[in-house]
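Colleague: what follows is a predicted structure for the sequence shown.
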Amino acid sequence: MFRYTMALRQVSRRTFSSTVSRQIDNKVPANQKLFQVTQEDNGIPVYLKGGTKDALLYRATMVLTVFGSGLVLYNLFDAALSKK
């Protein structure tokens, strides 16, 4: 039993250690350069400068917002009208 507890302690130390197991590239400078509005004004809003993925995400958000607003209005009118 003691052996299993010691093994668990060793595994937990390895799992939660502070050393980095893999290096991750820093993408922040590239994104800052992309989103700098003052350097290059090409007419594209900042929320669409990420490309196709941003455009699809923006359109999906707008569709869900309009659909949700319509659903809320429908439920309000349905609750306000008296039932027969």
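Modeller: Cool, got the structure.
Colleague: just give the number of residues close to Gln10.
Modeller: Using other C-beta atoms under 10 Å, Gln10 has 10 other residues around it. C-beta here means a position set from N, CA and C on the backbone, and glycine is covered the same way.
Colleague: sorry, slip of the keys, the one I care about is Tyr58.
Modeller: If we define neighbours as other C-beta under 10 Å, then Tyr58 has 14 of them.
Colleague: cool, and Ser82?
Modeller: There are 4 residues near Ser82, going by other C-beta under 10 Å.
Colleague: so where does it fall, helix or strand?
Modeller: Using DSSP states H and E, Ser82 sits in no helix or strand.
Colleague: quick one: it from Leu73, how far?
Modeller: 18 Å (C-beta to C-beta, to the nearest Å).
Colleague: cool, and Asn31?
Modeller: Asn31 is 38 Å from Leu73, by C-beta to C-beta.
Colleague: for Lys49, same thing?
Modeller: In terms of C-beta to C-beta, Lys49 sits 33 Å off from Leu73.
Colleague: who's more crowded, these two?
Modeller: Lys49 (16 against 10).
Colleague: got the phi/psi numbers for the more buried one?
Modeller: Here is the backbone geometry of Lys49 (degrees, to the nearest 10): phi -70, psi -10.
Colleague: ok, now Arg3?
Modeller: phi -60, psi -40.
Colleague: what's the biggest helix in this structure, counting residues?
Modeller: helix 52-80 (DSSP state H).
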